[in-house]
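Q: predicted model, plus sequence, below.
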Amino acid sequence: MSDDCLFCKIVNGDIPSNKVYEDELCYAFRDIDPQAPTHILVVPRTHIASCADLTEANAALVAHIFTVIAKIARDEGLDSGYRVVSNVGPDGGQSVPHLHFHILGGRALSGRMG
Ligand code: AMP
């Protein structure tokens, strides 16, 4: 846990969230400012700042998170598709420095990514 990290506090229950899923490795909750009808964030319980900080040691964790993303998308009924996004650093538009994957869906999303 990183003391000043918003998502560490959410994972630990110190800040409330609208939980969608949790297990021993990750936690998923609804984005407070949704950009699509379904907008869910999936975060590892352990503090990792961003994709830029991943190493081979995190490979199994990241693979697990992607299976969780697929499960959540099925459970949310995103049968016609969805987008998975992880912003990295200032130019990537990352505002919370704890690795997270956005799941966006529930409507046809814009074709533009940047
Ligand atoms: P990013 O800009 O990629 O770092 O994404 C951070 C996301 O966290 C944004 O979409 C915010 O709306 C969302 N967010 C910030 N604070 C909270 C919160 N307390 N609960 C849920 N989502 C949050």
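A: That came through, no problem.
Q: from here on, just use CA atoms for contacts and neighbour counts.
A: OK.
Q: distance between the longest helix along the chain and the chain's centre?
A: Among the segments of the chain that qualify as a helix by DSSP state H, the longest is helix 59-75. Centroid displacement of helix 59-75 relative to its chain, using Cα atoms, centre = their mean, to the nearest Å, is 10 Å.
Q: same question, stretch 104-114
A: On Cα atoms, centre = their mean, the centre of stretch 104-114 falls 16 Å from that of its chain.
Q: can you give me the distance of residue 111 to residue 83?
A: Separation of residue 111 from residue 83 (Cα to Cα, to the nearest Å): 11 Å.
Q: actually residue 7, not the one I wrote
A: Noted for residue 7: a distance of 21 Å to residue 83, by Cα to Cα.
Q: give me the more crowded residue out of these two.
A: Neighbour comparison, residue 7 and residue 83: the larger count goes to residue 7, with 26 against 14 (by other Cα atoms under 10 Å).
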